[in-house]
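Engineer: pasting the sequence and the predicted coordinates here, then a few questions.
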Amino acid sequence: MVTLVLPRLISFEGAGRRAASVTERNFASLRSAYWVVVVSGFLEPVLYLFSIGLGVGSLIGEIPLPGGRLVGYEEFVAPAMLAASAMTGALSETTFNFFGKMKFIRLYEGILATPVRPIEIALGELAWAMIRGFIYSAAFLVIMTAMGLTTLPRALAMLPATVLVGFAFGALGMSISTLMRSWQDFDLIASGQFALFLFSGTFVPPTAYPAALRWVVEASPLYRSVDLIRGLSIGTAGWSQLIDVAYLLAMFGIGLTVAGRRMGKMLCR
């Protein structure tokens, strides 16, 4: 493992180069079976799009937006599935896989024998998670464009937005993983992720919820992601999307800081 990282570190200096070496290590260790996991993670939101967006959508018809504009239900659901896809890809790598490498395989202890520091491990793993999230998002955007649920220029605008969503959830997942004690704790993560998926404006507008719960929905990280991508997808993006961007940037910064510090305490004691 160390031999995959150390030679490149000798030739190239800097935190970015060292973080990239961690990402390269993950590329070098790829096995063919891993792509089955990647494909399965991508298929879930696609199946939701077809079953709920198109199937249930044929019964619902059009959905009114806050500005009074009506859109087809499949156009309403598709951006939410895209945001959920970016979230799933990022969390899959930075929770279960990250925890296994850190607590059981003890991979990072070996990497720390090189000049790589804990924060650079976090950045490298986050970049690797974003590659997976980017694959999910790009493939999903191709499907959306082919189905006529968005236009090509809007799809190109949504792609960097999904990258931001992936970075934010990746940093969050990594920080949470440093707090996990055992594999059983991941049941809590799965439950929380599923709750976000169902109650973040993915299938119904937040105005459909009682007033007492609406603010909870709108404060959730997936809702901010959905609101950003949906605004770009259907062409209603405005000043409110700047709040979404600021929210996700803050989530990324806080999550990465917590993950880096926690890893430093756990691995350098």
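Structural biologist: Perfect, I can see it now. Numbering: from 1, shown residues only.
Engineer: how about the strands in the protein?
Structural biologist: In the chain, the strands defined using DSSP state E lie at 62-64, 70-72.
Engineer: mind putting those strands into CSV with mean neighbour count and mean pLDDT?
Structural biologist: All C-beta spots, glycine's among them, are computed from the backbone N, C-alpha and C. Formatted as CSV, the strands of the chain follow (neighbours: other C-beta atoms under 10 Å; pLDDT from 0 to 100):
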stretch, mean neighbour count, mean pLDDT
strand 62-64, 15, 81
strand 70-72, 16, 86
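Engineer: save these as a markdown table, and put in distance to Leu198 too.
Structural biologist: Output for these, formatted as a markdown table (distance: least, C-beta to C-beta, whole Å):
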| stretch | distance to Leu198 |
| --- | --- |
| strand 62-64 | 17 |
| strand 70-72 | 21 |
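Engineer: out of those, which comes closest to Leu54?
Structural biologist: With C-beta to C-beta as the criterion, Leu54 lies closest to strand 70-72 of the strands of the chain, at 9.7 Å.
Engineer: other SSEs contacting that closest one?
Structural biologist: Applying 3 or more C-beta pairs under 8 Å, 6 or more residues apart in numbering; DSSP states H and E, we find strand 70-72 packed against strand 62-64.
Engineer: about what we covered before: which of the strands of the chain sits closest to Met180?
Structural biologist: strand 62-64 (37.9 Å).
Engineer: got the contact list for Met266?
Structural biologist: 102, 178 (C-beta atoms under 8 Å, 6 or more residues apart in numbering).
Engineer: what distance do you get for it to Ala78?
Structural biologist: 40 Å (C-beta to C-beta, to the nearest Å).
Engineer: ok, Pro45 next?
Structural biologist: Applying C-beta to C-beta to Pro45 and Ala78 gives a distance of 9 Å.
Engineer: follow-up on the earlier one: out of the strands of the chain, which gets nearest to Phe194?
Structural biologist: Among the strands of the chain, strand 62-64 sits nearest to Phe194 (C-beta to C-beta), with 22.6 Å.
Engineer: which residue ranges of this protein form helices?
Structural biologist: 2-11, 15-28, 34-48, 57-60, 73-92, 98-99, 107-111, 118-146, 152-177, 186-198, 211-218, 221-234, 240-267 (DSSP state H).
Engineer: export these to TSV and tack on mean pLDDT and distance to Gly67?
Structural biologist: Below are the helices of the chain laid out as TSV (pLDDT from 0 to 100; distance: least, C-beta to C-beta, whole Å):
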stretch	mean pLDDT	distance to Gly67
helix 2-11	39	52
helix 15-28	76	42
helix 34-48	66	26
helix 57-60	77	19
helix 73-92	87	13
helix 98-99	80	41
helix 107-111	79	48
helix 118-146	83	22
helix 152-177	91	17
helix 186-198	86	25
helix 211-218	88	16
helix 221-234	93	10
helix 240-267	89	11
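Engineer: got TSV for those, with distance to Pro66 too?
Structural biologist: Output for these, formatted as TSV (distance: least, C-beta to C-beta, whole Å):
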stretch	distance to Pro66
helix 2-11	50
helix 15-28	40
helix 34-48	24
helix 57-60	18
helix 73-92	12
helix 98-99	38
helix 107-111	46
helix 118-146	22
helix 152-177	19
helix 186-198	21
helix 211-218	12
helix 221-234	10
helix 240-267	9
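Engineer: quick one: closest of these to Pro205.
Structural biologist: helix 73-92 (8.0 Å).
Engineer: and the angle from the closest one to helix 118-146?
Structural biologist: Here helix 73-92 points in a direction 160 degrees away from that of helix 118-146 (axes from the mean of the first three to the mean of the last three C-alpha atoms, to 10 degrees).
Engineer: how close does Ile121 get to Arg262?
Structural biologist: In terms of C-beta to C-beta, Ile121 sits 12 Å off from Arg262.
Engineer: who has more neighbours, the two?
Structural biologist: Ranked by neighbour count (other C-beta atoms under 10 Å), Ile121 and Arg262 place Ile121 first, with 27 against 19.
Engineer: thought that one was touching Tyr108?
Structural biologist: Yes: if you go by C-beta atoms under 8 Å, Ile121 and Tyr108 touch, sitting 5.5 Å apart.
Engineer: which residues do the two both contact?
Structural biologist: With C-beta under 8 Å, 6+ apart, Ile121 and Tyr108 have common neighbours Met263.
Engineer: that concludes my questions; thank you for your assistance.
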